[in-house]
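S.K.: How does the following fold in three dimensions:
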Amino acid sequence: MKAIKRWISKLPLELLFWIGSIIGILMIDPAQGSHFSLCPLDQLGIDWCPGCGLGRSMNLLARGEFQASWEMHPLASFAYLVILSRIWNLISNLKTTHNYG
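M.R.: Residues are numbered from 1 along each chain as shown. Okay, here's the model as predicted:
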């Protein structure tokens, strides 16, 4: 257990954040009406936000519900592409800079 904690503590915080965000997105229930939101516009009571629905749309995309995902937010596949490419980039940097693999 200590070896695992030591290995995780050497990983960059950004990498852990992005992996955690993907896990969080996969755990969202897109059918749920109300949810906890970190959106500052939602917290201020503004109804329209260009990013709202993106997480639920990404979850629908992961479930294979492409039409529903597109209707909720059309940039879900682009968001997956950006997040996964950043994770790939961080892991590649680990291999070259820290000699982890």
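S.K.: Show me what counts as buried in the longest helix belonging to the chain.
M.R.: As assigned by DSSP state H, the longest helix anywhere in the chain is helix 76-97. For helix 76-97, the neighbour count (16 or more other CB atoms under 10 Å) marks 76, 79-80, 83, 87, 90, 94 as buried. (Glycine included, C-beta is placed from N, CA and C.)
S.K.: before we move on, what about stretch 45-59?
M.R.: Counting neighbours by 16+ other CB under 10 Å, stretch 45-59 gives 52-59 as buried.
S.K.: start to end distance for it?
M.R.: 25 Å (CA to CA, to the nearest Å).
S.K.: quick one, what contacts the nearest residue to residue 93 once chain neighbours are set aside?
M.R.: Among residues not flanking residue 93 along the chain, residue 12 sits closest, at 8.0 Å (CB to CB, 6 or more residues apart in numbering). Going by CB atoms under 8 Å, 6 or more residues apart in numbering, residue 12 touches 90, 93-94.
S.K.: how about these in TSV, adding pLDDT?
M.R.: Shown next, in TSV, are the contacts of residue 12 (pLDDT from 0 to 100):
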residue	pLDDT
90	91
93	86
94	82
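S.K.: how about JSON lines for these, with distance to residue 28 added?
M.R.: Formatted as JSON lines, these follow (distance: CB to CB, whole Å):
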{"residue": "90", "distance to residue 28": "23"}
{"residue": "93", "distance to residue 28": "29"}
{"residue": "94", "distance to residue 28": "28"}
